[in-house]
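Q: Need a 3D model of the following:
(one chain, ligands or ions: 1)
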Amino acid sequence: MSNRTYDIAVIPGDGIGKEVMPEGVRALEAAASRFGFSVRQQWHDFASCDYYARHGTMMPEDWKQRLGRPSALFFGAVGWPDTVPDHVSLWGSLLQFRREYDQYVNLRPVRLMEGVPCPLAGRKPGDIDFWVVRENTEGEYSSVGGRMFPGTAREIVLQETVMTRHGVDRILRFAFDLASKRPRKLLTSATKSNGIAITMPYWDERVEAISAEYPDVSHNKFHIDILTANFVLKPQIFDVVVGSNLFGDILSDLGPACAGTIGIAPSGNINPEGDHPSLFEPVHGSAPDIAGQNVANPIGQVWSAAMMLDHLGEADAAAAIMSAIETVLKEPGLRTRDLGGRASTTDCGKAIADAIRT
Ligand code: GGG
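A: Numbering: from 1, shown residues only. Down below sits the predicted model:
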């Protein structure tokens, strides 16, 4: 038990983010009351396309001052392409947090949970259980590039991939560290060094160099094309998978889809040194197609709350949330539409909070 108080910046964002966030907070509050800590919530309406509609920008210029120094950020989803182009909403919000707070690790578990129908034939819980470690501040998500001769037949469009030794080495060390704490101690690196023949061979080279610091961890590499095929065909062979910003993003949607649904997948955008706050959010986006219907799966948000509490040192509370999620997933009547059920977002969220309290 702890008596600590955590200041949580709560940012629901757009679309289903606004529906799943209350359920994430409900779980947090249930865990806090059971485990004797307090959560002070500071809700913010920025980092959303609604805010953009009112102010012409995704976030106020002084967003950092407005946030203060929270223990962590709890984020929903961003994007409403009918009103704001996706690249404007993403670069104006989530990517600002990741870059400004140097959240260079994007940690995303992939796990087949009991009760979740798996689209891969014959797979059972335990067969799919690995982590995707995504580089989160550079790589293909760079702002280096531009357009020349726009709108003419001579139009030229360039965007550079940025890999720094500092950036590549630190994400690889994080991934090797994580693998070294797992029973199988296996790190898989996502590459495409046959085709992307400058940055990706560099990535491979750094994997080899850093591997020397981790003699107890075995490692292998796959080109991203066959790696995605193996996520579907042989998911049991993975333990920790590390990839660049883009590859990691793709793999961490594909992984949870192979394990039943993206709706339950959580993520941590982490600054491991603790120099800046970390941010926790579901892997899924704002899902405009189902927004406003109370049918979205809240588990990705709730599991993100568990990751956040674990990060803050509340391991027992995090474990209690995970156990509540497992309990609810086993109950067909409490499953949301993505899992073939008919429960609403609120029904599912309330059931999880009840299970946390007991
Ligand atoms: N909750 C995550 C979210 O809203 N994601 C929107 C998105 O498009 N993210 C892209 C990325 O994580 O790079």
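
Q: For this protein, give me the ranges with low pLDDT.
A: Low-confidence segments of the chain, defined by pLDDT under 70: 1-3.

Q: Please parse it into its domains.
A: For the chain, the structural domains run 1-106+265-358, 129-258, going by automatic domain parsing.

Q: Check the ones you listed for me and report the most buried one.
A: Of these, the one with the most neighbours on average (mean count of other Cβ atoms under 10 Å) is domain 1-106+265-358, at a mean of 20. For every residue, glycine as well, the C-beta is placed using N, CA and C.

Q: Pull the contacting residues for Phe74.
A: Taking Cβ atoms under 8 Å, 6 or more residues apart in numbering, we find Phe74 in contact with 8-11, 21, 24-25, 28, 279-281, 304-305, 308.

Q: if you set the cut-off to 6 Å instead, what comes out?
A: Residues near Phe74 by Cβ atoms under 6 Å, 6 or more residues apart in numbering: 8, 10, 280.

Q: SS state for Pro256?
A: What DSSP: H, G, I helix; E, B strand; the rest coil gives for Pro256 is helix.

Q: Now do the residue nearest the centre of the chain against the ligand, distance only.
A: By Cα atoms, centre = their mean, the chain has its centre lying nearest to Ser267, at 2.6 Å. According to Cβ to the nearest ligand atom, to the nearest Å, Ser267 and the ligand sit 7 Å apart.

Q: hang on, the earlier thing: Leu112: which of the domains of the chain is closest?
A: domain 129-258 (7.1 Å; Cβ to Cβ).

Q: That closest one near the ligand anywhere?
A: Yes - for domain 129-258, a contact with the ligand is found by Cβ under 6 Å from any ligand atom, at Asp249.

Q: That domain: how far from the chain's middle?
A: 15 Å (Cα atoms, centre = their mean, to the nearest Å).

Q: what sits up against the helix or strand hosting His87?
A: Following DSSP states H and E, one finds His87 within helix 86-91. Outside helix 86-91, the residues that touch it by Cβ under 6 Å, 6+ apart are 49, 78-79.

Q: again with stretch 242-251
A: Residues contacting stretch 242-251 (Cβ under 6 Å, 6+ apart): 132-135, 139-141, 175, 189-190, 224.

Q: Stretch 65-72 now?
A: Applying Cβ under 6 Å, 6+ apart, the set of residues contacting stretch 65-72 is 6-9, 277-278, 308, 312.

Q: same check, this time on stretch 351-358
A: Contacts for stretch 351-358 (Cβ under 6 Å, 6+ apart): 26-27, 30-31, 34, 302, 320-321, 324, 327-328, 334.
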